[in-house]
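Asker: I'd like to go over a predicted model; first the sequence, then the structure.
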Amino acid sequence: MASQEQYPNPLESFIADIAVKLRDIEEKQNIIKDRVIMIGENLVSEKEDTQAEISKLRGQMNLIVEEIRKIKMAIERIVEDSDNYVRKNEFQVLQHQFQMFQPMEVARISDVEEMIRKALKH
């Protein structure tokens, strides 16, 4: 019996080595499994963040498109209304003609008749 204790059974040591290697492989497999789960969770989290960001950007883009549409409409109205405005030189011509005419100094017919009556009396 003493000789059996000094020299371990090769089959037992082989089985012990296989058991150790099997535990190492299972441990590595568990580590890889945990990493894959963590990567999956990170991907899901990133996907949700990306979708939220895309949704936010779409909302901002829609607001910008709406503002651009309003600006275009305002510009179109300004362009249409600009035909109704008088240019400065046109206004100056009209102002000069108005000053030459001076409607406030034009006498009414009754005023002229009154002046003629007064002149005939003198």
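Answerer: It's in.
Asker: which stretches in the chain count as helices?
Answerer: When assigned using DSSP state H, the helices of the chain occupy the ranges 2-6, 10-82, 88-101, 109-121.
Asker: need those helices in a markdown table with mean neighbour count and mean pLDDT, can you?
Answerer: (Glycine included, C-beta is placed from N, CA and C.) Supplementary listing: those in a markdown table, determined by neighbours: other C-beta atoms under 10 Å; pLDDT from 0 to 100:
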| stretch | mean neighbour count | mean pLDDT |
| --- | --- | --- |
| helix 2-6 | 7 | 54 |
| helix 10-82 | 10 | 94 |
| helix 88-101 | 10 | 79 |
| helix 109-121 | 9 | 86 |
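Asker: Gln51 and Arg58, how far apart?
Answerer: The gap separating Gln51 from Arg58 is 10 Å, by C-beta to C-beta, to the nearest Å.
Asker: for Ile25, that is, sorry about that
Answerer: Remark: distance between Ile25 and Arg58 (C-beta to C-beta) = 48 Å.
Asker: next one: Glu76
Answerer: When distances are taken as C-beta to C-beta, Glu76 and Arg58 turn out to be 27 Å apart.
Asker: can you check Ile78 too?
Answerer: Applying C-beta to C-beta, one obtains 30 Å for the distance of Ile78 from Arg58.
Asker: tell me the domain boundaries of the chain?
Answerer: According to automatic domain parsing, the chain is divided into the following domains: 1-85, 86-122.
Asker: off-centre distance for the longest one?
Answerer: Once both centres are worked out by C-alpha atoms, centre = their mean, to the nearest Å, domain 1-85 turns out to sit 27 Å from its chain's centre.
Asker: what do you get for the last one?
Answerer: Mean-position distance between domain 86-122 and its chain equals 61 Å (C-alpha atoms, centre = their mean).
Asker: over to that domain now: how far is its first residue from its last?
Answerer: Length of domain 86-122, first residue to last, C-alpha to C-alpha, to the nearest Å: 50 Å.
Asker: all set now, cheers.
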